[in-house]
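Visitor: All I have is the shape, not the residue letters:
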């Protein structure tokens, strides 16, 4: 019987040349080796040096030695991944990492050198992401977890290992005789994801041995449902758009569920901000109460404000304009 890793690599058909995000850990090391063997001479590695740990320099040296052994070009990107006061350290590191991957995939003139970048998240990571979303009361976008493929600014990010268990990757690496580094932060139980990994996954393994596959399937169902909601939201946006915002009359003609779906889509895709549950609830309440010309709407969302301007609902980045 073919292993999940073999099946995943057979199904993985990215545009070439390909860049692999390499942390030096077991998962990215396995992905890099598998890609190098499948496409010799057409794979490079990108290592993001976060500088957040004392071991960061050791990680970079390990990646350099590994790439030298495999005959692979290594691109090292140094980033400042420190979180702003009150912000999530994990989110800050993730954002910095993607900025670095985008920069590394481009040539000096900004043109795209590697239009495909492979990321090594695996089945256990996908399960952890779904559990994190559940613990935070997330909606469909959160429950959809990590997509297998996503295009950002012309670069396609692939996650070919989402159905491969972590244990299988480590077992395969041991068979190949390749070493990898262990990130000490993975043992820090102050991070929710690490607590899920340490405590919940072993319990799920005992209760439901096939849970990785079934949770991955649930994530795919959520992603499909979310895609339908986004399609509906875009149709509604085309209908109620009234530059520079939305027609309040047309918005109010929709059912409240469609209003909520449309407002989330409008704020995220047009203005790059995501309302909290409380902000969206209050915005819907004010839209429903907006039955007279004198009724004002003014709610902070993200770094700006949603405000009524005559018969239009608008978003302003900065202080709201006088009504």
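Guide: Nice, I can see it. What you are looking at is a predicted structure, and each value in this text was computed from that prediction instead of being measured.
Visitor: what's residue 148 in contact with, if anything?
Guide: 158, 159, 160, 162 (C-beta atoms under 8 Å, 6 or more residues apart in numbering). Placement of C-beta: from N, CA and C, glycine included.
Visitor: ok, 6 Å please
Guide: Counting by C-beta atoms under 6 Å, 6 or more residues apart in numbering, residue 148 touches 159, 162.
Visitor: Report how many residues lie close to residue 48.
Guide: Using other C-beta atoms under 10 Å, residue 48 has 26 neighbouring residues.
Visitor: mind listing what whichever strand or helix holds it pairs with, with the direction of each?
Guide: Here residue 48, judged by DSSP states H and E, is contained in strand 43-49. Partners of strand 43-49 in the sheet, by DSSP bridges, are strand 18-21 (parallel), strand 73-78 (parallel).
Visitor: okay if I get these as CSV plus mean pLDDT and mean neighbour count?
Guide: Converted to CSV, the strands paired with strand 43-49 look like this (pLDDT from 0 to 100; neighbours: other C-beta atoms under 10 Å):
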stretch, mean pLDDT, mean neighbour count
strand 18-21, 98, 24
strand 73-78, 94, 16
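Visitor: With distance to residue 240 as new columns, can those strands be given to me in JSON lines?
Guide: JSON lines is the format used below for those (distance: least, C-beta to C-beta, whole Å):
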{"stretch": "strand 18-21", "distance to residue 240": "40"}
{"stretch": "strand 73-78", "distance to residue 240": "42"}
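Visitor: picking that back up, can you tell me what sits against the strand holding residue 48?
Guide: By C-beta under 6 Å, 6+ apart, strand 43-49 touches 18-22, 32, 35-36, 56, 60, 63, 67, 72-78, 97, 100-101, 104.
Visitor: average model confidence for stretch 188-196?
Guide: Mean pLDDT, computed over stretch 188-196, is 89.
Visitor: Moving C-terminal from the helix or strand harbouring residue 228, which element do we reach first?
Guide: Per DSSP H and E: residue 228 is located in helix 211-240. Scanning forward in sequence from helix 211-240 by DSSP H and E, the next helix or strand is strand 241-242.
Visitor: List the neighbouring strands of that next one plus their orientation.
Guide: strand 245-247 (antiparallel).
Visitor: Show the pLDDT at residue 213.
Guide: Value for residue 213, per-residue pLDDT: 89.
Visitor: How about it: what's its closest non-neighbour residue?
Guide: Sequence neighbours aside, residue 163 is the residue nearest to residue 213 in space, at 7.0 Å (criterion: C-beta to C-beta, 6 or more residues apart in numbering).
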